[in-house]
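**Student:** Next come a sequence and a model predicted from it.
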Amino acid sequence: MKALVALILLVQLPIHKAVPAAPPPPLGCDDPEAEAAAEAAVNYINGQSHHGYKFTVNRVKDIRVVPQGPNNAIMFVDLELLETKCPILSPTPLENCTVRSFAEHAVEGDCDVKLQKVDGVFSVLASKCHSHEDSREDVRKVCPDCPLLAKMNNTEVLETVSAALNDYNSKTTDPYLRLLEIGRAQIQYHPGHVVVVEFAVGATNCSAEEAKANVQACQLLPEDQSNFGFCKAVMVKRPSQDLQVDCQLYGHQVPCFPGYSSLGITLSQDTSAGLAPNDVGITNHNLGLFHNNPVASESSSSEILRSMLAAKSVTKRAVAKATQHDKVPRPVGFAPPPPPPCPGKIRHFDI
């Protein structure tokens, strides 16, 4: 009888069903994990670029995480980048590179990046980037007389590069320098006429004296001795005439920067050879390339585009909903809802 009573009581006990764990809150664009993903992404992008300048993160615009299993996740990150003053050739760490100011006619980059995080380690599976200069109207509003970006094949730009190289080579006992590519150029017409150019150079196997005799015989140093650098020249044409040139060689780097053949540049004694075929007529080197990691899985560029577009659509709806919700009248003292987790804070300036 006691056993029967115990069985009846057991049957009558309430059954507590297991409640599934709530999904983790969405990752915010300013969370440490998002910042770590952005750092891994921008380092990869700079490592894939062989032209122009290094870029740094200005803002994480959106991030989406897709769990793949224990300690394994796929992350889609939408980044806003800004051009720095460090040439892509420079060994200077990105954290020590100065962002080019708004008044210097800044260049912005936009990148969609797909990463995988396994046991805390990030690897980039794919990225799609493009870059563009700020509008001339915006620069003029802030600085009416500041020089604007000029096309790299502008006659005055090419003349200034040629004059600067000739001037530097005529005054140095170091190896003769040859042009690799023009990085950027600016021309100012008021109150004076000034041309400012920046360009990458490489040391050759000739001295300046040997180059005078036969410049075509001067070849860039072999990869195990390569020495690249960067020059900036300022030519004043009016009201007076003056030329100032400053060049810095970085020394041989191990591992060295990919050789000039990787730059897509055909060198000749003509200064215009510093322009890659796709760069003629442009004002800045574009990041407009697909980068797919050949050793990573799921690196289809079409997949990253579809996934990022879907994530952006969801984020826009969430932001719009939150904005609409903010317009609803609330009692005095009622705390407004927290801001949406994305986009993140602007680290430098809005462009």
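**Tutor:** Yep, that arrived. Numbers count the residues shown, from 1 in each chain.

**Student:** is it fair to say C129 lies in a helix?
**Tutor:** No: counting by DSSP: H, G, I helix; E, B strand; the rest coil, C129 falls outside a helix, being strand.

**Student:** what are the bridge partners for it, then?
**Tutor:** Assessed by DSSP bridges, C129 has beta-bridge partners C111.

**Student:** Surely it touches I45?
**Tutor:** Yes: using C-beta atoms under 8 Å, C129 is in contact with I45, at 6.1 Å. C-beta here means a position set from N, CA and C on the backbone, and glycine is covered the same way.

**Student:** overlap in contacts of those two?
**Tutor:** 81, 109, 111, 287, 291 (C-beta atoms under 8 Å, 6 or more residues apart in numbering).

**Student:** now these as a markdown table including distance to H193?
**Tutor:** Listed next are the shared contacts of C129 and I45 as a markdown table, based on distance: C-beta to C-beta, whole Å:
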| residue | distance to H193 |
| --- | --- |
| L81 | 33 |
| G109 | 31 |
| C111 | 37 |
| L287 | 32 |
| H291 | 40 |
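
**Student:** For H130, give me its contacts.
**Tutor:** 109-110, 286-288.

**Student:** Please report how far it lies from Q219.
**Tutor:** Remark: distance between H130 and Q219 (C-beta to C-beta, to the nearest Å) = 35 Å.

**Student:** Check Q225 too.
**Tutor:** Q225 is 11 Å from Q219, by C-beta to C-beta.

**Student:** before we move on, what about L158?
**Tutor:** Taking C-beta to C-beta, one finds L158 at 22 Å from Q219.

**Student:** Just the C-alphas of stretch 210-220, formatted as PDB.
**Tutor:** The C-alpha atoms that make up stretch 210-220 are tabulated as PDB, following Å, rounded to 0.1, in the frame of the first residue of the first chain:
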ATOM      1  CA  GLU A 210      76.600  55.600 -64.000                       C
ATOM      2  CA  ALA A 211      72.900  56.500 -64.700                       C
ATOM      3  CA  LYS A 212      73.900  59.600 -66.500                       C
ATOM      4  CA  ALA A 213      75.900  57.500 -69.000                       C
ATOM      5  CA  ASN A 214      73.200  54.900 -69.600                       C
ATOM      6  CA  VAL A 215      70.000  55.100 -67.400                       C
ATOM      7  CA  GLN A 216      68.400  52.200 -69.300                       C
ATOM      8  CA  ALA A 217      71.000  49.800 -67.900                       C
ATOM      9  CA  CYS A 218      70.000  50.600 -64.300                       C
ATOM     10  CA  GLN A 219      67.900  47.800 -62.900                       C
ATOM     11  CA  LEU A 220      66.200  47.500 -59.500                       C
END
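
**Student:** Enumerate the positions of it that are buried.
**Tutor:** 211, 218, 220 (16 or more other C-beta atoms under 10 Å).

**Student:** what's the pLDDT at the last one?
**Tutor:** We have a pLDDT of 91 for L220.

**Student:** again with I265
**Tutor:** 39.

**Student:** again, but for S261
**Tutor:** pLDDT, read off for S261, is 42.

**Student:** hang on, A126 in a helix?
**Tutor:** No: the assignment for A126, made by three-state DSSP, is strand rather than a helix.

**Student:** For Q48, see how far away it is.
**Tutor:** 11 Å.

**Student:** Counting neighbours around each, name which of those two comes out higher.
**Tutor:** Shown here are A126 and Q48; by other C-beta atoms under 10 Å, A126 has more neighbours (23 against 16).

**Student:** For the residue nearest the centre of the chain, which non-adjacent residue is closest in space?
**Tutor:** The centroid of the chain falls nearest to F55 when counting by C-alpha atoms, centre = their mean (3.0 Å). Of all residues not flanking F55 in the chain, L81 sits nearest, at 4.1 Å (C-beta to C-beta, 6 or more residues apart in numbering).
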